[in-house]
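A.B. asks: Sharing a model prediction with you, sequence too.
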Amino acid sequence: MKISLNAGVPTLSGRELALTVTLNLKPEVEAGLAVRAQACGMTMEEYLLYLSLKVESAVFPAIHKASSAEERVAAFEAWPASHRPTPVLSDYARSRDEIYEGRDH
C-alpha cells in the first residue's frame, strides 16, 4: 500500500516548505504501524509524522532545540565538527581503476 504524507517542513530561515512523501510499505509493516497509530489515538498520517519528528530530533538534537534561525544555522554548522576527522582519499582511491580493481570492465 502507498501512504502519502503531507507536512510543512521548517527551513533554516524559519519558513515552511510543503513536503509530500510516498511510502511503499509491505502489508505486515503497514498493519503494525496501523495498530500502533490506533493505540496512540492517531491516524496513520499523524503517527508517521510523529515518528519522523521523533527521529529528526534524535538525529539533530541541537538543531531541533534551537529557537531562532541564527541558532539553527549555528547548530547545523557545528554538527559536522562534532564528528571524528576522516582521512582524505587519494585520487587513486577514488578512481574507476580502484573501484573496479579485479573485475572485468
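C.D. replies: Nice, thanks for sending it over.

A.B. asks: show me what contacts Arg103?
C.D. replies: Listed by CB atoms under 8 Å, 6 or more residues apart in numbering, Arg103 has no contact partners. For every residue, glycine as well, the C-beta is placed using N, CA and C.

A.B. asks: quick one: it is in a strand?
C.D. replies: No. Read with DSSP: H, G, I helix; E, B strand; the rest coil, Arg103 is coil and lies in no strand.

A.B. asks: Show me the strands in this protein, by range?
C.D. replies: 2-10, 16-24 (DSSP state E).

A.B. asks: could you give the mean pLDDT of the first one?
C.D. replies: Spelled out, that is strand 2-10. Over the span of strand 2-10, the pLDDT mean works out to 55.

A.B. asks: what do you get for stretch 36-44?
C.D. replies: The average pLDDT for stretch 36-44 rounds to 92.

A.B. asks: For it, which outside residues touch it?
C.D. replies: Residues from elsewhere that reach stretch 36-44, judged by CB under 8 Å, 6+ apart: Ile3, Glu30, Leu33, Ala34, Glu46, Tyr47, Leu48, Tyr50.

A.B. asks: List the buried residues in it.
C.D. replies: Neighbour counts over stretch 36-44 (16 or more other CB atoms under 10 Å) mark Ala37, Met44 as buried.
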